[in-house]
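Participant: show me how the following folds:
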Amino acid sequence: MIDRLINYIKKHELLKDNLILLLGNSFGAFFTFLFHFYMGRKLGPEDYGALGAILALIYLFTIPLTTIQTSIAKFTSIFKSEKKYKEIHYLYKASTKKLLIFGIISMFIFLLLSNLIANYLHISLTPLLILSLYIIFSFLLYINRGLLQGLQKFNKFSINLIFEGLIKLISGIILILVGFKLNGAIGAIVFALISAFLISFYQLKNIIKYKIKKFDSNIIYKYTIPVLIALTMLTAFYSLDLLLVKHFFIDKRAGYYAAVSLLGKVVFFGSMPITQVMFPKVNELYHNKKKSKNMLYKSALMILAFSLPVILIYFLFSKFIIKTLYGELYLEASNLLGWFAVMMTLFSLIYLISFYNLAINRKNFLYILGLFNILEIVLIYIFHDTLMQVVSILTVLMSILAFIMFLKMLLIKDGKIKYNNSGV
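Facilitator: Prediction:
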């Protein structure tokens with residue numbers, strides 16, 4: 001029975017790669033969640049609320065980073081399908097050189113704005129100064145992860161994610177025990193990211209053995225623009241709410257929301273490998289003018305298979321989960337947990353469909369995302385009397401958006417779109 005299951009998985013590449021990356025992402029996320037549960041208990045609701053707001057800044061900052069990773073993954077997968085490894089080496093070297101400079105400039109801009117950000121979020125300046133070190137190495141790490149994703153080296157990608165989570169947990173515990181509190185939590189996040197970059201640099205050593213062959217890279221930068229816009233809007237859905245809650249709820253309720261938000265994101269970050277595996281595969285199919293909708297539907301079913309049990313557990317055991325992981329101080333937020341999981345399941349499907357659109361070079365869905373971003377901000381600004389009100393707004397918006405995105409996807413003719421490969 002077990003042998004038959006293993007052979008079945010080996011024969012189905014989509015399932016095999018999803019399992020590899022899902023395992024890596026799950027272990028990495030497991031260590032990251034242990035890090036947060038430890039911080040939630042040691043820092044208390046108010047400081048943990050500050051950590052949640054800073055994490056929201058990191059999510060927003062990763063928009064250009066994920067754009068870089070997505071763009072590099074897309075064109076790496078194209079070069080891989082054509083066995084153009086010399087071009088991949090050029091892409092690696094040129095991107096690293098340009099984005100190192102851009103990272104340094106971005107760090108200085110962030111430092112100039114840090115005092116303004118600290119005042120808006122009602123936090124001290126020091127954590128933001130520590131966070132500035134995150135910027136340079138994050139640009140470099142996401143280049144390397146984009147290459148691993150595009151090459152479909154999901155085993156190495158998984159190892160990288162696991163080590164980042166483990167290093168974050170160990171260094172975070174040490175820094176808190178020493179007495180650095182919130183600054184120690186931020187320091188651990190920065191140290192883990194730098195370590196993950198060094199590991200990824202070693203993992204890509206085989207690319208360097210190929211000679212460099214230049215190509216017209218303008219097509220990559222043209223593709224980057226819609227990806228940047230899409231990721232800005234998608235990331236805003238699960239980041240702006242944290243920043244707005246921290247602004248409107250100065251007391252410990254911001255900490256409650258940060259805790260529930262993190263637990264709710266188990267659904268999104270746990271199912272993200274499904275999108276990461278689907279993207280380069282759909283891109284290859286589209287490049288070769290083959291049908292790809294079936295892969296989207298299978299990926300959507302995988303997300304639901306992962307998410308629905310989590311939703312059920314969160315509704316049935318919300319108080320037990322929060323008390324066990326965060327302590328009694330956070331029990332007031334237990335009624336939010338199940339609904340947050342529902343909202344993040346809907347968002348995970350929206351994220352999947354968005355990346356499918358990007359893989360087949362469709363951009364008209366961006367207008368819909370932008371409209372719902374505006375609705376989220378406006379509605380939370382008007383209705384924020386309670387945390388449940390905020391979660392209800394997000395759940396309703398995600399329900400309507402998911403329905404519209406799925407309906408539009410049904411109308412796309414599968415495998416009928418011509419691929420434009422000029423410059424590549």
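Participant: low-confidence ranges, the stretch 1-150 of the chain, go.
Facilitator: Where the stretch 1-150 of the chain drops to pLDDT under 70, the residues are 1-16, 18.
Participant: just the element for the most centrally placed residue in the chain, please.
Facilitator: The centroid of the chain falls nearest to residue 269 when counting by C-alpha atoms, centre = their mean (6.5 Å). For residue 269, the host element (DSSP states H and E) is helix 253-287.
Participant: circling back: give me the distance between the residue nearest to the centre of the chain and residue 38.
Facilitator: Relative to residue 38, residue 269 is positioned 18 Å away (criterion: C-beta to C-beta, to the nearest Å). Glycine gets a C-beta too; all of them are placed from N, C-alpha and C.
Participant: neighbours around the residue lying closest to residue 333 once chain neighbours are set aside, how many?
Facilitator: Nearest residue to residue 333, sequence neighbours excluded (C-beta to C-beta, 6 or more residues apart in numbering): residue 256, at 3.7 Å. Residue 256 has 26 neighbours, counted by other C-beta atoms under 10 Å.
Participant: who's in contact with residue 256?
Facilitator: 45, 49, 330, 332, 333, 336, 387 (C-beta atoms under 8 Å, 6 or more residues apart in numbering).
Participant: can you say which of those are buried?
Facilitator: 45, 49, 330, 333, 336, 387 (16 or more other C-beta atoms under 10 Å).
Participant: I'd say the third one and residue 46 touch.
Facilitator: Pointing back at residue 330 there. No: counting by C-beta atoms under 8 Å, residue 330 stays clear of residue 46, with 11.9 Å between them.
Participant: list the contacts of the closest residue to residue 178 other than its chain neighbours.
Facilitator: Leaving aside its chain neighbours, residue 178 sits nearest to residue 184 (6.8 Å; criterion: C-beta to C-beta, 6+ apart). By C-beta under 8 Å, 6+ apart, residue 184 lies in contact with 172, 175, 176, 178.
Participant: and the helix or strand encompassing residue 233, what does it pack against?
Facilitator: Element membership of residue 233, judged by DSSP H and E, is helix 218-237. Applying 3 or more C-beta pairs under 8 Å, 6 or more residues apart in numbering; DSSP states H and E, we find helix 218-237 packed against helix 13-81, helix 337-359, helix 365-382.
Participant: columns distance to residue 287 on top of those, output as a markdown table?
Facilitator: Listed next are these as a markdown table, based on distance: least, C-beta to C-beta, whole Å:
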| stretch | distance to residue 287 |
| --- | --- |
| helix 13-81 | 6 |
| helix 337-359 | 9 |
| helix 365-382 | 20 |
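Participant: looking at those, which is closest to residue 105?
Facilitator: Residue 105 lies closest, by C-beta to C-beta, to one member of the helices and strands packed on helix 218-237: helix 13-81, at 12.1 Å.
Participant: next helix or strand past the closest one?
Facilitator: The helix or strand immediately downstream of helix 13-81 is helix 85-121, counting by DSSP H and E.
Participant: downstream of that following helix, the next helix or strand is which one?
Facilitator: Next element after helix 85-121 (DSSP H and E): helix 126-150.
Participant: list the buried residues of that next one.
Facilitator: Across helix 126-150, burial judged by 16+ other C-beta under 10 Å covers 127-150.
Participant: I figured the residue nearest to the centre of the chain was touching residue 22, is that so?
Facilitator: No: checked against C-beta under 8 Å, the pair residue 269 and residue 22 is beyond contact range at 11.1 Å.
Participant: residues in contact with residue 137?
Facilitator: Per C-beta under 8 Å, 6+ apart, neighbours of residue 137: 103, 193, 194, 197.
Participant: residue 149 and residue 69 touch, don't they?
Facilitator: Yes: with contact defined as C-beta under 8 Å, residue 149 counts as touching residue 69 (6.7 Å).
Participant: closest one of the buried ones among the contacts of residue 256 to residue 113?
Facilitator: Nearest to residue 113 among those is residue 49, at 20.8 Å by C-beta to C-beta.
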